[in-house]
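J.: Quick check, what structure comes out for this input:
(chains A and B)
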Amino acid sequence: MLQRFLKPYPLCFSLCLLPLLGIVIDMMFDNLGADPIQALHIRLGDWSLRLLWLTLFITPLQKITQWRGMAQYRKLLGLYTFFYASLHVIVYLWLDQGLAWGTITTDIIESSYIWFGLIAFLIILALAVTTPKAMVKLLGKNWKKLHRYIYIASGAVIIHYYWQLKGNMAEPLFYLIILSLLLLFRLAVWFKNRQFTKMMIPTTRKIRVVKADSATAEAGRPEGIVIEEIDTDIET
Amino acid sequence: MIIKTHKSIPSSEITDPAVFKQRRQLIKAMLALGITGSGVYSGFADAKEAPLTATSADIVKNHTNYYEFTYNKTDATALAQALPIDPWSVEITGEVEQPGVYHLEDLLSQQTLKEYIYRFRCVEAWSMVVPWVGFPLASLLKKVKPLSSAQFVQFTTLFDPKSMPNQADNRMLDWPYVEGLRMDEAMHPLTILATGMYGDSLPKQNGAPLRLVVPWKYGFKSIKAIVKIELLKRAPLSTWSKSAPNDYGFYANVNPDVPHPRWSQSSERVLGAGFFTPRRKTELFNGYADEVAGLYSNMDLRHFF
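T.: Now for the predicted structure:
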């Protein structure tokens, strides 16, 4: 039994539940301080942020270590991000605002930091909904495009975090630095691939002359032709 | 904590710690008896509502924004204990007939302490109800006789980098902390200087030994550990206005219709209310509009936020 849980995947699955367990225990023992609803709300928010960052860490980890089968962990962490973010939103709507939709509307309209949280949550929601294999098939090529919105979500999350503080920037700055490193890694990989692709033009890139007309010539292209790149990015 | 006794206590008289403790007991007893019959002053605004119920003292003592020590509301309780508050003197200067450095004991010996049960609304959209012990600021200012040229009052917190880590590291704000009021706001009977709360002396994290309480303004106006009161001809620049002029104005009156640039002020979480109690709708001037709205009758409160 224990042996089963010590395998990496079940272990990771269980570890992700620990923060929730800690929060529930603190709730039970009235350990959340003078403003327990806010404490609950912030802790759930913190964990959705951390899990989102961990999700973004999987791809670089895989690239560096060449470990196989990391996609399932990325999926697991992504879904946990959605799980904690949903609890964060539920606590806001239900415990903090008592499901009073009038007040909630005013609060959202007047609080710009919430806009960014909302953007991030809607993106994460869309990514979670399109996680099942059937959805991946259905979306085809667009699936990958959609899931790149995780970068926008992570940026929105940082603004959401920083925007509500009165000036103590240490924590958002810490997360911003880690996020920058994670995104820089991707940028570096993209740039490297691009250089590589350039050298390999005949094999990886098809160039098709669409048409040659005067309109494009006027637009400043010397040859007066439009070159359309065909994306040959195939998942390995 | 020092109380008004029948005879004034000369500042030269050094108090024996045992006597000091005894005196504290006496204050407690006095306050328990309803402060020598003078009654509890809880603000007229609440006559129409049920009387205010004080938030539990444990919450008020462990939920403070004291950025000189830390950004953490709970940690301030322990850290603030390093603050040296005895002896304490307050410099009163500027446009007054009797400027000078006054021993706190001497200032307090001229005042009658009462209990003031006020709502306390933080700009972060939480609130509590605190039974302060103190006296009207007006009564102190009258003693030093403001000149007719005095239009504003500026308050300054102690600068003591030895005990206040964020002052030592010059972190976040320009220290020492400075706040200000217009003269008519300062002279308003609701504006008090507090030396205690919950019938006891003021805990260090709550602003001991002397703090301002302006119940219709956001909590950051109610400056702690005051060492200097300066009467000015012109409006002072308060610390938060200096640090973020678009976020924090000079007036900082509680107003549900004027949101902070980044968050709503339309409602507040009442601390100690429990998990399933809805937020409270924030009231204009924190519920003290009947008393103070007249101070701002010709002003656009969106502009003078």
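J.: Return the nearest residue of the stretch 51-200 of chain B with respect to chain A.
T.: Shortest the stretch 51-200 of chain B-to-chain A distance, computed as CB to the nearest CB: residue-wise this is residue B:63, at 3.6 Å. Yep, even glycine has a C-beta here, placed from its N, CA and C like the rest.
J.: residues contacting the residue lying closest to that residue once chain neighbours are set aside?
T.: Once flanking residues are discounted, residue B:63 sits nearest to residue A:34: 3.6 Å by CB to CB, 6 or more residues apart in numbering or on different chains. Counting by CB atoms under 8 Å, 6 or more residues apart in numbering or on different chains, residue A:34 makes contact with B:59, B:62-63, B:73-74, B:271-272.
J.: about what we covered before: the residue of the stretch 51-200 of chain B closest to chain A looks like it's in a helix, true?
T.: No: looking at residue B:63 with DSSP: H, G, I helix; E, B strand; the rest coil, it is coil, so not inside a helix.
J.: Let's see the pLDDT reported for it.
T.: Residue B:63 carries a pLDDT score of 95 in this model.
J.: residues contacting it?
T.: Residue B:63 is in contact with A:33-35, B:73-74, B:128, B:271, counting by CB under 8 Å, 6+ apart.
J.: so residue A:62 makes contact with residue A:72?
T.: No: using CB atoms under 8 Å, residue A:62 is not in contact with residue A:72; the gap is 11.2 Å.
J.: Looking at those two, which is more packed in?
T.: Here residue A:62 and residue A:72 are set side by side on neighbour count (other CB atoms under 10 Å in any protein chain shown), and the busier one is residue A:62, at 16 against 12.
J.: For the more buried one, pull up the helix or strand it's in.
T.: Using DSSP states H and E, residue A:62 sits within helix A:36-65.
J.: what residues are up against residue A:87?
T.: The neighbourhood of residue A:87, defined by CB under 8 Å, 6+ apart, consists of A:20, A:44.
J.: did I read that right, residue B:180 in a strand?
T.: Yes: applying three-state DSSP, one finds residue B:180 inside a strand.
J.: Which residue is the nearest non-sequential neighbour of it?
T.: Ranked by CB to CB, 6+ apart and with sequence neighbours excluded, the top spatial neighbour of residue B:180 is residue B:236, at 3.7 Å.
J.: In terms of pLDDT, where does that neighbour sit?
T.: Residue B:236 is assigned a predicted lDDT (pLDDT) of 96.
J.: Tell me where chain A has helices.
T.: Applying DSSP state H to chain A gives helices spanning A:2-5, A:8-15, A:18-28, A:36-65, A:71-90, A:101-110, A:112-129, A:133-139, A:141-147, A:150-163, A:170-199, A:201-204, A:214-218.
J.: Tell me which of these approaches residue B:101 most closely.
T.: If you check each of the helices of chain A against residue B:101 by CB to CB, helix A:170-199 wins as the nearest, at 37.7 Å.
J.: So which elements touch that closest one?
T.: Contacts defined by 3 or more CB pairs under 8 Å, 6 or more residues apart in numbering or on different chains; DSSP states H and E place helix A:170-199 against helix A:36-65, helix A:150-163.
J.: for the contacts of residue B:63, which one is nearest residue A:23?
T.: Compare each of the contacts of residue B:63 with residue A:23 using CB to CB and the shortest gap goes to residue A:33, at 12.5 Å.
J.: burial count for the closest one?
T.: Close neighbours of residue A:33, defined as other CB under 10 Å, add up to 17.
J.: quick one: it from residue B:148, how far?
T.: In this structure, residue A:33 lies at 48 Å from residue B:148, with CB to CB, to the nearest Å as the measure.
J.: Report the secondary structure state of residue B:268.
T.: In terms of secondary structure, residue B:268 is strand; the call rests on three-state DSSP.
J.: what's it in contact with, if anything?
T.: Contacts of residue B:268 by CB under 8 Å, 6+ apart are B:121, B:125-127, B:279-280, B:282.
J.: Helices along chain B, start to end?
T.: According to DSSP H, the helices that chain B contains are B:17-32, B:57-61, B:76-79, B:104-109, B:137-144, B:165-168, B:183-186, B:239-243, B:289-292.
J.: What confidence value was assigned to the spatially most central residue of chain A?
T.: Nearest residue to the geometric centre of chain A (CA atoms, centre = their mean): residue A:150, 3.1 Å. Residue-level confidence at residue A:150 comes out at 96, pLDDT.
J.: hang on, it packs against residue A:55?
T.: Yes: counting by CB under 8 Å, a contact exists between residue A:150 and residue A:55, whose distance comes to 7.3 Å.
J.: Mutual contacts of those two, please.
T.: Overlap between the neighbourhoods of residue A:150 and residue A:55 consists of residue A:78, taking contacts as CB under 8 Å, 6+ apart.
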